[in-house]
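J.: here are the coordinates; sequence isn't available:
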């Protein structure tokens, strides 16, 4: 996987940017929308940071794999909250 991403740097850059954007939107985003200019600046900075992480990925650090683990853990937490909410809703309806 590491070798394939080294041979296809554009794909690696896009994957890194998408994963970073997902992590930002699910973890660090506040409930209010930012003004458009700040939003544009934020995504430009994330694109530049993705370029820096692409350099690290090219130097044989497992950046994409670490981001995939982070996104996987975030998905597990969302599934857990969904299941707990469902159990709580079923407990509330059965106690009435």
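T.: That came through, no problem. Quick caveat, the model's predicted, so the values are computed rather than measured.
J.: C-alpha from now on. contacts and neighbour counts both.
T.: Fine.
J.: Beyond the lowest-mean-pLDDT helix or strand in the chain, next helix or strand please.
T.: Lowest on mean pLDDT, DSSP states H and E among the helices and strands of the chain sits helix 2-7, with a mean of 88. Counting by DSSP states H and E, the next helix or strand C-terminal to helix 2-7 is helix 9-23.
J.: Can you name the secondary structure element that comes next after that following helix?
T.: Assigned by DSSP H and E, the successor of helix 9-23 is helix 36-58.
J.: tell me what the helix or strand that that next one is followed by is packed against?
T.: Helices and strands here follow DSSP H and E; after helix 36-58, the next one along the chain is helix 63-95. Judged by 3 or more Cα pairs under 8 Å, 6 or more residues apart in numbering; DSSP states H and E, helix 63-95 is in contact with helix 9-23, helix 36-58.
J.: need these in a markdown table with mean pLDDT and mean neighbour count, can you?
T.: Output for these, formatted as a markdown table (pLDDT from 0 to 100; neighbours: other Cα atoms under 10 Å):
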| stretch | mean pLDDT | mean neighbour count |
| --- | --- | --- |
| helix 9-23 | 96 | 18 |
| helix 36-58 | 95 | 15 |
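J.: For residue 93, find the nearest of the ones you listed.
T.: helix 9-23 (34.6 Å; Cα to Cα).
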